[in-house]
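Visitor: Here you go, sequence then predicted model.
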Amino acid sequence: MTVPAGPTSVSECLAREFFAAVHDHEPVCGWTHNFYRYPARFSPRFARAAIQCFSRPGDLVLDPYMGGGTTVVEALAGGRRVVGNDLNPLAVFVARVKTTELAKNEVDAVARWAQEIVPMLSYRGHCGGLGEYVRDPRTKNLGLSRSRFIKKVAGQALASFEPLPTDAARAFARCALLRVAQWALDGRKGHTSLGQFRSKLLATTNQMLSALRDYTVYVAAHNRFQRITNLLSQLDATQIDTLPVFQPGGEKASLVVTSPPYPGVHVLYHRWQVDGRRETPAPYWIAACQDGQGASFYNFGGREEEGLHRYFESSLRTLMAIRHVLQPGAIAVQLVAFGDPHTQLPRYLGNMELAGFTEVFPFGRRRDGHAKRLWRHVPGRKWHAAIHGSTNSSREVVLVHRTQ
């Protein structure tokens, strides 16, 4: 495996593309990235630039907090092998659909479903066995005025997936429904008509099929190290070293590209907000995932001081486990935001050092000797801080570390 070059040669690579990628505010697009708007996702251009600058084709890349799988998608497209992990089953579901190749019979079956079944979805319609879907406790708050008819047609759609030929085909159709239901319900102030919903679902399914086809063909043609397969797991990151790939006799990763939970910043990873910001676990209903956790579970802790203490305790444990599966000299690239950067950034850097990482400065140092770090304003993220405009927690910093 390749050990990345030192900070001086890395900075030559970063000077143009990486700098531009960090400050890229273009909408997320390309490949399969728009299959679902996962909260706190980062720019594919950033992930791509980090992978190109700090690794080589065939290297093993790790994202221990993969969210919707941006790093996984870009690593495979870049000819790298990749391990992705997340605590949230919804994240694993989305990342798996984004990177799972469908056979021709599966594609044809999903396309027929979209063409023949979607136009028949109706609020007044009936589908056998619908009760088990619409009475699911994960539909909480979908009985409210602007949501209830979407709930029923979504239930019809879920019941209609059974004839699809494989689990992969059904998962893909679920993801298409998930994407459109998110568009129709999550944070929406206006009413979405049934006609709009059906048209959007038909168009989105076809667009997703086309995007997946293009992506899998590209990966198969350009990745001689691995077909469109990958290692995705749903683990607490403290258990990352239990994965078979990292067992004795296995191998270690040469690069981490990730965005961990942010200290003091509340991100809604596991709920949608419907009908006046009432929370619903509906994405787990549509994706057929179980979730019984609160927000602090996915954020390493709450926003209060006690929660921050838990955050840094959890962060240190996960960083130590991650360090254990990395090569000597491996690089870790992170995007992190802080509720209070002045107090929390030093604590986070202290955790990195305790876990066995040394910060490197690809952009050099200022005249006062302090590091030149790249900060960026966060476009289009849904978290509580956005309500207050441009706050500390609506800015992210790029951290680059090397294993000691």
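Guide: Sure thing, it's come through. Numbers count the residues shown, from 1 in each chain.

Visitor: Now do the strands in the stretch 251-400 of the chain.
Guide: Ranges of strands within the stretch 251-400 of the chain are 253-258, 272-274, 278-280, 326-337, 357-359, 375-377, 395-403, based on DSSP state E, counting those that start in this stretch.

Visitor: And stretch 153-160, what's buried?
Guide: 153-160 (16 or more other Cβ atoms under 10 Å). (Glycine included, C-beta is placed from N, CA and C.)

Visitor: hmm, I was thinking of stretch 29-40
Guide: 30-40.

Visitor: Relative to Phe93, which of those residues is nearest.
Guide: Nearest to Phe93, judged by Cβ to Cβ, of the buried residues of stretch 29-40 is Tyr36 at 8.9 Å.

Visitor: From what I see, the closest one and Leu178 are in contact.
Guide: Yes. Counting by Cβ atoms under 8 Å, Tyr36 touches Leu178, with 5.9 Å between them.

Visitor: joint contacts of those two?
Guide: By Cβ atoms under 8 Å, 6 or more residues apart in numbering, Tyr36 and Leu178 have these common neighbours: Val94.

Visitor: And the protein, split by domain according to the record?
Guide: Under the assignment automatic domain parsing, the domains of the chain span 7-99+232-264+299-403, 104-217.

Visitor: Dump the buried residues of stretch 29-40 to JSON lines, plus pLDDT, secondary structure and distance to Thr318.
Guide: Listed next are these as JSON lines, based on pLDDT from 0 to 100; DSSP: H, G, I helix; E, B strand; the rest coil; distance: Cβ to Cβ, whole Å:
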{"residue": "Gly30", "pLDDT": "93", "secondary structure": "coil", "distance to Thr318": "29"}
{"residue": "Trp31", "pLDDT": "96", "secondary structure": "coil", "distance to Thr318": "28"}
{"residue": "Thr32", "pLDDT": "98", "secondary structure": "coil", "distance to Thr318": "27"}
{"residue": "His33", "pLDDT": "97", "secondary structure": "helix", "distance to Thr318": "25"}
{"residue": "Asn34", "pLDDT": "96", "secondary structure": "helix", "distance to Thr318": "29"}
{"residue": "Phe35", "pLDDT": "97", "secondary structure": "helix", "distance to Thr318": "26"}
{"residue": "Tyr36", "pLDDT": "97", "secondary structure": "coil", "distance to Thr318": "24"}
{"residue": "Arg37", "pLDDT": "94", "secondary structure": "coil", "distance to Thr318": "25"}
{"residue": "Tyr38", "pLDDT": "92", "secondary structure": "coil", "distance to Thr318": "19"}
{"residue": "Pro39", "pLDDT": "87", "secondary structure": "coil", "distance to Thr318": "19"}
{"residue": "Ala40", "pLDDT": "79", "secondary structure": "coil", "distance to Thr318": "16"}
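
Visitor: Next, the contact list for Ala20, please.
Guide: Contacts of Ala20 (Cβ under 8 Å, 6+ apart): 45, 49.

Visitor: tell me which element it falls in.
Guide: helix 19-22 (DSSP states H and E).

Visitor: What count of nearby residues applies to Arg395?
Guide: Using other Cβ atoms under 10 Å, Arg395 is surrounded by 15 other residues.

Visitor: Which pLDDT value goes with it?
Guide: At Arg395, the pLDDT value in this model is 86.

Visitor: got the contact list for it?
Guide: Arg395 neighbours (Cβ under 8 Å, 6+ apart): 337, 341, 375-378.

Visitor: go again using 7 Å as the cut-off
Guide: 337, 375-378 (Cβ atoms under 7 Å, 6 or more residues apart in numbering).

Visitor: Equivalent analysis for Arg317, please.
Guide: Each residue near Arg317 by Cβ under 7 Å, 6+ apart is listed here: Thr238.

Visitor: change it to 10 Å
Guide: By Cβ atoms under 10 Å, 6 or more residues apart in numbering, Arg317 lies in contact with 236-239, 300, 351, 355.

Visitor: Which member of those residues is positioned nearest Leu144?
Guide: Phe300 (31.1 Å).

Visitor: Just the buried subset of the contacts of Arg395, please.
Guide: Among the contacts of Arg395, those that count as buried by neighbour count (16+ other Cβ under 10 Å) are 337, 376, 378.

Visitor: Format those as CSV; extra columns: distance to His222 and pLDDT.
Guide: Formatted as CSV, the buried ones among the contacts of Arg395 follow (distance: Cβ to Cβ, whole Å; pLDDT from 0 to 100):
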residue, distance to His222, pLDDT
Ala337, 33, 91
Arg376, 29, 86
Val378, 31, 74
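
Visitor: Perfect, I'm done here.
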